[in-house]
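> predicted model, plus sequence, below.
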Amino acid sequence: MKVVSVAHMRRIEEQADASGFSYDTMMDYAGRAAAVSASRMLNGLNRNDDTQWVTLLIGKGNNGGDGLVCARYLSEIHPTAQIRLYMLNRRDDDDPLMTPLIEAGLFIAYAEDDHDNRVLRNMVNTADLLIDALFGIGVRLPIQGDAATILRQTNRVINERRTQPPEQYLDMLANPQHNNQVAPMHILAIDCPSGLNCDTGELDANTIHADQTITFIAGKTGLVTYPGAEAVGQLQVAHIGTPTDLAALDEWTPQLISKQRVRERLPKRTSNSHKGTHGKALVIAGSTNYIGAAGLAATAAYRAGAGLVAVATPGPVASMLASTHTEPTWMMLGHDQGVIAEKAASQLTDNLDGYATVLIGPGIGQEATTGTFLTQILNIASTAPAKARKRAIGFATDNTETSQSDTQELTLPPLVIDADGLNLLAKIADWPNLLPAETIITPHPGEMARLTNLSNAEIQADRINIAKAKAAEWNIIVVLKGAHTVIATPDGDVSILPFKNDGLATAGTGDVLAGLITGLRAQGLPAYDAAVIGGYVHGLAGELYNESQHPRSLIASDLLSMIGQAWQVIEG
């Protein structure tokens, strides 16, 4: 599923129309798809009577047309629903979009007749479902005039409704037969919430925040860019039958990752496999100040399906974790008061035999001696003999004497660098040239700011383009974490994860993500696929937790417990 700019979407629509798939046909398909989504939302309402009240806010453009078509199809799907339309502008009664609604006897009100907004307030106040079809992707901010009044009054009623139910619901609550189970109003936005700039994610002060947004053909950049993404709710991209061979569809765009794409790229497993089949991962993590990070990352690597996971960590950390984390093997590194010391670099070099990938960073701290350790590890290529290089990449070695080839450079296994590893990396001169090919880094916005010398605000304002540019400049895979995580490759491929979950904003969840990616990489997946799949599983696990628990209560170990369910959902 592509993510496109407004101008790009215009080209897609123009080419579809020129190919014979007309604008009217696109509107009919879009309205029908919106009606199906609205029907699902109505079916999910906890109501004990047969009457459901729906209010549609209708604008004058194509988005309003989508809303009118939606109203027609919804009246057919739910003939007992009370469907009302509030029109920003009057349309002729013989308008082909209006005629079937008039013939069906739907209630239609016009803003120009509603001088004190009483009708609007009543229609919003009594709605079980509010459908926002005022403005689409072409909105210009700030919204002014009558439209601004409609948005402002609608939001005022929504806020009042959320704090105090309307009178009819108070009466229902008093009726024992309803068992005090009254559904709140739900809001569906067609194409995009009114007041959201679909290019930049900028929000008008009166934007209607939706519970769900259904957009068409492709996602829009502003729908996955904050602050706009906050107003989108659950995002659904509906394919409405446009031809798939349009030139505009072949243009480069970021991809919104789907469950199907993840399923297609999973590493294959066979019933006669063994732990060696699924790869060995090494996790360099932990310090006495951050003991849990190593355990979280290692467990996540196992949950990703790795065959064997070893943890290289200071001796005191291993001693504290080994009794509760029985699956990993342990490599006790030399330490300085509980943090990895620079002397551990040579120790590690001698123990890289057979590891398919190495994760560096969770919980290692930012002490100078650990920074020197990291620098030495990244400089191994110029200091270790070929025999060590062969061990590092998993080739068998023998006891033959050193030859001229033994002076060749050591190549580290593929790396994943996270957390404190990134903060230390930012302090190393010319660090991009020290990283092995296909290294994966997993910065949050603050870490990305330190790596780029940009501000956090600059990173957040242009996440997609910055991730893409830096992946190319640094020749690595960049996983820019956050709501709608962005994953970019040196070749210009960009994927966006569909998840935004405030529950994941808690310590340790990043360690879980890094471990998942590492475990997948150990199984032989290309770096980009490992990053995309690991990120998707991580986000889905958070969503599954939210289905039964409140996101406010989520902690990193909860996320680990949901990974199995996430795999089950993905693989069916």
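Everything's here; your move. Residues are numbered from 1 along each chain as shown.
> what segments of the stretch 101-250 of the chain are helices?
118-125, 145-163, 167-173 (DSSP state H, counting those that start in this stretch).
> what about the protein, any weak spots by pLDDT?
Residue ranges of the chain with pLDDT under 70: 46-50, 164-183, 381-411.
> now with 80, please.
45-51, 162-184, 380-411 (pLDDT under 80).
> care to break the protein down by domain?
Using automatic domain parsing, the domain parsing of the chain gives 3-251, 262-571.
> who's in contact with the helix or strand containing Val3?
In this structure, Val3 sits in strand 3-4 according to DSSP states H and E. Contacts with strand 3-4, where a contact means C-beta atoms under 8 Å, 6 or more residues apart in numbering, come from 12, 218-221, 223-224, 253-256, 464, 496. Using the backbone N, CA and C atoms, a C-beta is placed for each residue, glycine as well.
> about what we covered before: any chance of the domains of the chain in TSV with mean neighbour count as columns?
Formatted as TSV, those follow (neighbours: other C-beta atoms under 10 Å):
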stretch	mean neighbour count
domain 3-251	19
domain 262-571	20
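> circling back to that earlier point, and of the contacts of strand 3-4, the nearest to Ser319?
Of all the contacts of strand 3-4, Ser319 sits closest to Ile496, with 41.7 Å by C-beta to C-beta.
> surely that closest one and Arg261 touch.
No: with contact defined as C-beta atoms under 8 Å, Ile496 does not reach Arg261; the gap is 11.8 Å.
> name the residues contacting each of these two.
Common contacts of Ile496 and Arg261 (C-beta under 8 Å, 6+ apart): Gln255.
> and Trp252, how many neighbours?
Per other C-beta atoms under 10 Å, the neighbour tally for Trp252 reads 10.
> helix or strand for it, which one?
For Trp252, there is no helix or strand it lies in under DSSP H and E.
> report the contact partners of the residue lying closest to it once chain neighbours are set aside.
Computed as C-beta to C-beta, 6 or more residues apart in numbering, the closest residue to Trp252 that is not its neighbour in sequence is Gly492, at 6.7 Å. For Gly492, the contacting residues are Trp252, Lys468, Ala472, by C-beta under 8 Å, 6+ apart.
> next secondary structure element downstream of the helix or strand where the last one lies?
Taking DSSP H and E as the criterion, the element that holds Ala472 is helix 463-474. Toward the C-terminus, helix 463-474 is succeeded by strand 477-480 as the next helix or strand (DSSP H and E).
> my guess is Met331 contacts Ala312. True?
Yes: look at Met331 against Ala312 with C-beta under 8 Å: they come within range, at 4.1 Å.
> need the overlap of contacts for the two.
Leu282, Leu348, Asn351.
> and the second one, how far from Asp420?
Going from Leu348 to Asp420 by C-beta to C-beta, to the nearest Å gives 16 Å.
> just the first one next, same as before
Computed as C-beta to C-beta, the Leu282 to Asp420 distance reads 17 Å.
> which one of the contacts of strand 3-4 is nearest to Val317?
Nearest to Val317, judged by C-beta to C-beta, of the contacts of strand 3-4 is Ile496 at 35.4 Å.
> need phi/psi at that closest one.
Main-chain torsions, Ile496, degrees, to the nearest 10: phi -120, psi 130.
> ok, the one 4 residues further on next?
Geometry field for Lys500 lists phi and psi as phi -140, psi 110, criterion degrees, to the nearest 10.
> for Ala35, same thing?
Dihedral angles for Ala35 - degrees, to the nearest 10 - are phi -60, psi -40.
> and the closest residue to it other than its chain neighbours, what element?
Nearest residue to Ala35, sequence neighbours excluded (C-beta to C-beta, 6+ apart): Tyr73, at 3.5 Å. Here Tyr73 sits within helix 62-77, counting by DSSP H and E.
> please state the offset of that helix from the chain centre?
30 Å (C-alpha atoms, centre = their mean, to the nearest Å).
> same check on stretch 428-439?
27 Å.
> wait, Pro316 sits on Ala294?
No: judged on C-beta under 8 Å, Pro316 makes no contact with Ala294 at a distance of 11.6 Å.
> give the contact list for the residue nearest to Arg84 when sequence neighbours are not counted.
Nearest non-adjacent residue to Arg84, counting by C-beta to C-beta, 6+ apart: Phe107, 4.3 Å away. By C-beta under 8 Å, 6+ apart, the contact set of Phe107 is Gln82, Ile83, Arg84, Leu85.
> check the gap between Phe107 and Gln460 for me.
From Phe107 to Gln460 the distance is 43 Å (C-beta to C-beta).
> wait, Gly334 touches Ser346, no?
No: counting by C-beta under 8 Å, Ser346 is not a contact partner of Gly334; they are 9.0 Å apart.
> circling back: okay, the residue nearest to Arg84 and Val124: tell me how far apart.
14 Å.
> please apply the same query to Gly338.
Gly338 is 59 Å from Val124, by C-beta to C-beta.
> Asp17: what's it in contact with?
Counting by C-beta under 8 Å, 6+ apart, the residues that Asp17 touches are Tyr23, Met26.
> what about 10 Å?
Counting by C-beta atoms under 10 Å, 6 or more residues apart in numbering, Asp17 touches Tyr23, Asp24, Thr25, Met26, Thr242.
> which of the helices or strands spans it?
helix 6-18.
> cool, Ser37 as well?
Ser37 belongs to helix 23-43, assigned by DSSP H and E.
> check which helices and strands that helix sits against.
helix 6-18, strand 53-58, helix 62-77, strand 129-133, strand 186-190, strand 212-216, strand 234-238 (3 or more C-beta pairs under 10 Å, 6 or more residues apart in numbering; DSSP states H and E).
> now the angle between strand 234-238 and that helix, please.
140 degrees (axes from the mean of the first three to the mean of the last three C-alpha atoms, to 10 degrees).
> and the angle from helix 23-43 to strand 53-58?
150 degrees.
> who are the contact partners of the nearest residue to Leu333 once chain neighbours are set aside?
Excluding the flanking residues, the one nearest Leu333 by C-beta to C-beta, 6+ apart is Ala344, at 4.0 Å. The contact partners of Ala344, by C-beta under 10 Å, 6+ apart, come to 284, 312-314, 331-336, 369-370, 372-373, 376-377.
> tell me if I'm right that Thr225 and Ala461 touch.
Yes: if you go by C-beta atoms under 10 Å, Thr225 and Ala461 touch, sitting 8.3 Å apart.
> between those two, which contacts overlap?
Here Thr225 and Ala461 share the contacting residues Thr200, Gly201, scored by C-beta under 10 Å, 6+ apart.
> what is the nearest of the contacts of Asp17 to Ala231?
Distance to Ala231 across these (C-beta to C-beta) is lowest for Met26, with 24.2 Å.
> for the closest one, give me its contacts.
Met26 makes contacts with Ile12, Glu13, Ala16, Asp17, Asn62, Gly65, Asp66, Phe216, Ile217, Ile240, Gly241, Thr242, as judged by C-beta under 10 Å, 6+ apart.
> before we move on, what about Ile284?
Residues in contact with Ile284 (C-beta under 10 Å, 6+ apart) are 294, 297, 310-313, 331, 333, 340, 344, 348, 358-362, 364, 373-374, 377, 415, 417, 421.
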